[in-house]
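Novice: Turn this into a structure:
(4 chains)
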2 protein chains.
Amino acid sequence: MNVTLKQFRYFESLAQHGHFGRAAENCAISQPALSMQIKELEAALGTELFERGARQVRLTSFGEAFALRVRDILRSVDELADIARAAQTQLVGRLRIGVIPTIAPYLLPTIIGNLMRLNADLDLQLRETITPKLLTELAEGRLDTAIVALPISEPSLTEVPLFSEGFVLIRPAEDEGKPVPSRERLREMRLLLLEEGHCFRDQALSFCNTSAAPPRELLDGSSLSTLVQMVSAGIGVTLIPEMAIAVETRATAVSVARFGDPKPQRSVGMVWRKTSPLAKQLLQVAELVRHSALTLRAQHAML
Amino acid sequence: MNVTLKQFRYFESLAQHGHFGRAAENCAISQPALSMQIKELEAALGTELFERGARQVRLTSFGEAFALRVRDILRSVDELADIARAAQTQLVGRLRIGVIPTIAPYLLPTIIGNLMRLNADLDLQLRETITPKLLTELAEGRLDTAIVALPISEPSLTEVPLFSEGFVLIRPAEDEGKPVPSRERLREMRLLLLEEGHCFRDQALSFCNTSAAPPRELLDGSSLSTLVQMVSAGIGVTLIPEMAIAVETRATAVSVARFGDPKPQRSVGMVWRKTSPLAKQLLQVAELVRHSALTLRAQHAML
DNA sequence: TTATTGCGATAAGATTATCTGATGAATGTC
DNA sequence: GACATTCATCAGATAATCTTATCGCAATAA
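Specialist: As a prediction, this is how the structure comes out:
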């Protein structure tokens, strides 16, 4: 037989009380049960822990040394249970979030702030890359959740919609005031897009009804910032999500135009493995992200 | 239910293998048994430790933190067993020895040296006092063993004889060469004795057949050294154990006389509680003490 | 000495925990 | 779509653990 925590607990009680009957009572078991477990513990160790005198039960000198260590172990175990109890409700430990590049720069600062305000000890790990990579890492367990454009339609993932955001047209500053081009007109303009792989590229193309065959000549940028810079240089026009307007047009002379119906837009949401035990916490995070986005939008509206 | 070490061991195995079947095999149990124990552990903690994917079993982030602590705990427990195993054969930990004052100064240096040579880590605690106090402390568990004059005849104690030692007569230096007094003559001399309570006092008186009523006028000293000093000052004569000769007459001008038959002597032995779990080690110690005494006697014989 | 009391050990039977083997359900593979 | 893999579940068997009753020993009291 092996030693057990139960034996440790009984041992601790007996060491404290120095009396089998009272120690047993303290453990809510019968005296023989305690006697047996102590005997088994001693047998397992090959050493006596107590000296049973006629009038008293005393720890042997080894027993005393043993007691110190046992106490430590029992404390560690109890502590472990406490930690677990705390972890189940609150958001603790490590949280690995992936975000697509057309959201990350605009939403993350707010999200991080809100998360850290919720739990400063949170070990937040962030990853910014395109949706397919995020999904792979999610599947491999290297991410806990990802903020992407919906739908993903992956049966192994839970999808939670967060918000919808429209796209706006970014034109050179001198186009300010000109009529907003229709989708058809847009197709004839030089539309600057992100590199392949970015979902926002597909969403933009989709709006122009040119999803399948890319039109005329396109120029790919690696970030929305780059695209906007190119627009301001008069190279063409581009689309960016509403959320990006404030940041990307702050220091750049371009014209922002909003489309009439049908407005282009996309749905942003959070996804995680259906098997993830963090589900409860992730729902909490989703709510927080949703709130962060609303706050952000309200701030922009005031500008 | 409470968490158990068994669950911790299973958990560790599963964390390592990431596969219920293989982990179960590693633990020499069936896969359902492992599944159940893991489930129970998770239930006890109120948190999931593993994320069961279709193709793999992964630790949750909490599980990883948990695993670190569990590993520590299991190591501590295993270490505990090792310590116990080492303790049962070897003499380790604390050893509390009581010695009567008419032996301690002469025998202890050798004993301590030999004990520490056997185990340098030994926590040796020594107590020098008269037999009744030693026996009390022994009974109260404040000593592990005592070196005293036998017999003690206390049924709760184990007695182990170590050696016999004779007594010699210490006379002023000018008595050197004079005939050794008989016991009867001795009774008429001024015999210097230790204070009451010292067993050696009784043993000396017993030799003079004056056990019951102390004779003429006695002068009590608190140590053999004092007695010998008093003898050298011409105040009287005294008896000391052979073992004390070398030390006590080294720097003092006195005459040492050995009695003819019947030679006075006493038996020195070790005692410990019959219930003491150190019995095995104490027998070992007794053998060491016996050997120390023999060595000491041999050294004296060479002087 | 001879009862009596206190306390731990032991024994037998009941209860609970844990395990095994068979099977099910979900997912992924050919 | 049949098959394989893998974890969960179930029922029954086995083993660990507990309880109650009793014993034996030692200390105290009569």
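Novice: Which element, helix or strand, includes A:Glu137?
Specialist: Counting by DSSP states H and E, the secondary-structure element that holds A:Glu137 is helix A:131-139.
Novice: mind giving me the domain split of chain A?
Specialist: Here chain A is described, according to automatic domain parsing, as comprising the domains A:5-89, A:94-163+A:266-302, A:165-265.
Novice: Dump the ones you listed to CSV, plus mean pLDDT, mean neighbour count and distance to B:Arg142.
Specialist: Placement of C-beta: from N, CA and C, glycine included. Supplementary listing: the domains of chain A in CSV, determined by pLDDT from 0 to 100; neighbours: other Cβ atoms under 10 Å in any protein chain shown; distance: least, Cβ to Cβ, whole Å:
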stretch, mean pLDDT, mean neighbour count, distance to B:Arg142
domain A:5-89, 90, 17, 10
domain A:94-163+A:266-302, 90, 18, 49
domain A:165-265, 83, 17, 78
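Novice: Just tell me which of the ones you listed ends up closest to B:Glu184.
Specialist: Distances from B:Glu184 to each of these were compared using Cβ to Cβ; the shortest belongs to domain A:5-89, at 46.8 Å.
Novice: Is DNA strand D within reach of that closest one?
Specialist: Yes: using Cβ under 7 Å from any atom of the strand, a contact is recorded between domain A:5-89 and DNA strand D, made by A:6, A:28-33, A:36-37, A:40, A:54-55.
Novice: what packs against the longest strand along chain A?
Specialist: Of all the segments of type strand in chain A, defined by DSSP state E, the longest one is strand A:157-172. In this structure, strand A:157-172 packs against strand A:145-150, helix A:199-207, helix A:224-232, strand A:237-241, helix A:242-248, strand A:254-258, strand A:265-273, helix A:279-302, with contacts taken as 3 or more Cβ pairs under 8 Å, 6 or more residues apart in numbering or on different chains; DSSP states H and E.
Novice: re earlier: not counting the helix holding A:Glu137 itself, show me its contacts.
Specialist: With Cβ atoms under 8 Å, 6 or more residues apart in numbering or on different chains as the test, helix A:131-139 has contacts from A:98-100, A:127, A:143, A:145-146, A:148-149, A:152, A:154, A:156-157, A:197, A:199, A:271-273.
Novice: Same check on stretch A:271-284?
Specialist: Residues external to stretch A:271-284 that are found in contact with it (Cβ under 8 Å, 6+ apart): A:91, A:95, A:135, A:138-139, A:141, A:144-146, A:148, A:150, A:152, A:154, A:156-160, A:270, B:47-48, B:51-53, B:60-61.
Novice: Keep only those of those that are also close to DNA strand C.
Specialist: Of the contacts of stretch A:271-284, the ones that also sit near DNA strand C (Cβ under 7 Å from any atom of the strand) are A:Ser156.
Novice: Any residues of chain A in contact with DNA strand D? List them.
Specialist: Among all residues of chain A, those adjacent to DNA strand D (criterion: Cβ under 7 Å from any atom of the strand) are A:1, A:4, A:6, A:28-33, A:36-37, A:40, A:54-55.
Novice: Mark which of those residues are part of strands, please.
Specialist: Among the residues of chain A next to DNA strand D, none falls in strands (DSSP E).
Novice: how about the helices of the stretch 1-150 of chain A, start to end?
Specialist: Assigned helices in the stretch 1-150 of chain A, in chain order: A:5-17, A:20-26, A:31-45, A:61-89, A:104-118, A:131-139 (criterion: DSSP state H, counting those that start in this stretch).
Novice: now those helices in JSON lines, with distance to A:Ile170?
Specialist: Formatted as JSON lines, the entries for the helices of the stretch 1-150 of chain A read as follows, by distance: least, Cβ to Cβ, whole Å:
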{"stretch": "helix A:5-17", "distance to A:Ile170": "65"}
{"stretch": "helix A:20-26", "distance to A:Ile170": "75"}
{"stretch": "helix A:31-45", "distance to A:Ile170": "75"}
{"stretch": "helix A:61-89", "distance to A:Ile170": "45"}
{"stretch": "helix A:104-118", "distance to A:Ile170": "15"}
{"stretch": "helix A:131-139", "distance to A:Ile170": "23"}
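Novice: ok, A:His19 - contacts?
Specialist: Taking Cβ under 8 Å, 6+ apart as the definition of contact, the neighbours of A:His19 are A:56-57.
Novice: Ramachandran angles for it?
Specialist: Here the main-chain torsion angles of A:His19 (degrees, to the nearest 10) amount to phi -160, psi 120.
Novice: what about it, distance to A:Arg55?
Specialist: Plainly put, A:His19 is 10 Å away from A:Arg55 if you go by Cβ to Cβ, to the nearest Å.
Novice: do you know how far A:Arg22 is from DNA strand D?
Specialist: 14 Å (Cβ to the nearest atom of the strand, to the nearest Å).
Novice: Over to A:Asp123?
Specialist: On the measure of Cβ to the nearest atom of the strand, A:Asp123 and DNA strand D end up 26 Å apart.
Novice: So what sits opposite that residue in the bridge?
Specialist: A:Arg94 (DSSP bridges).
Novice: Equivalent analysis for A:Gly98, please.
Specialist: Taking DSSP bridges as the rule, A:Gly98 bridges to A:Arg127, A:Ala146.
Novice: can I assume it is in contact with A:Glu128?
Specialist: Yes: using Cβ atoms under 8 Å as the test, A:Gly98 is close enough to A:Glu128 to be in contact (7.4 Å).
Novice: Not including adjacent chain positions, what is the nearest residue to whichever residue of the stretch 151-300 of chain A sits closest to chain B?
Specialist: Proximity of the stretch 151-300 of chain A to chain B (Cβ to the nearest Cβ) peaks at A:Pro277, 3.5 Å away. The spatial neighbour of A:Pro277 that comes closest, neighbours along the chain excluded (Cβ to Cβ, 6 or more residues apart in numbering or on different chains), is B:Glu48 at 3.5 Å.
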